[in-house]
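Visitor: Pasting a predicted model and its sequence here:
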Amino acid sequence: MQRIANCLLLHDNKLLLLKKPSKGWWVAPGGKMESGESIVEAAKREFLEETGLHLNTPVLKGVFTFLIKDQGKMVGEWMMFTFFADRFHGTRLAESDEGELAWISVNEWESLPMAEGDRYFLRMILQKPGVVVGTFTYTSEYELLDYHLESPSDWSYPSIC
């Protein structure tokens with residue numbers, strides 16, 4: 001199963017997002033984890049490679065499973081670990097090999113073209129405390145079929161006493 005780590009960086013009420021050229025969709029910078037890498041190591045490395053910026057103390061905010069189905073059959077599956085940071089250092093790349101980088105206002109990001117499921121989990125990450133978990137099911141053409149998201153504030157815990 002493929003594992004991906006990315007990070008949503010907030011600075012001056014703007015998010016640093018990356019526009020991928022293949023579909024023209026905006027995403028939080030990140031990418032594939034390497035063998036033996038921790039999720040935080042992967043998020044920091046991928047963010048640096050794609051943006052030129054070093055993340056300071058990114059916090060895990062999302063764990064997501066993505067399922068790809070074609071005619072009702074499972075044809076792909078991966079997991080994504082999404083971090084959040086509001087501190088960084090370094091100089092942002094003028095151009096990224098991975099696509100166009102831009103600081104987008106927190107009031108405008110939802111109008112950008114992106115995978116439909118990304119809108120749901122990014123909104124929860126920005127609005128809810130704790131870690132958001134979820135599952136997204138897409139067609140092989142990346143049309144969202146179904147999703148389920150929850151955060152610890154939605155959970156009820158049994159009493160120990």
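Guide: Looks like it came in fine. Residues are numbered from 1 along each chain as shown.

Visitor: could you pull out the helices for this structure?
Guide: Using DSSP state H, the helices found in the chain span residues 39-51, 116-127.

Visitor: Which positions within the last one qualify as buried?
Guide: It stands for helix 116-127. Neighbour counts using 16 or more other C-beta atoms under 10 Å place 117-118, 120-122, 124-126 of helix 116-127 among the buried residues. Using the backbone N, CA and C atoms, a C-beta is placed for each residue, glycine as well.

Visitor: Could you list every helix and strand in contact with it?
Guide: strand 2-11, strand 59-70, strand 73-85, strand 132-139, strand 144-150 (3 or more C-beta pairs under 8 Å, 6 or more residues apart in numbering; DSSP states H and E).

Visitor: among those, which is nearest Arg92?
Guide: Closest of these to Arg92 is strand 2-11, at 9.9 Å (criterion: C-beta to C-beta).

Visitor: The closest one pairs with which strands, and in what direction?
Guide: strand 14-19 (antiparallel), strand 30-32 (antiparallel), strand 73-85 (parallel) (DSSP bridges).
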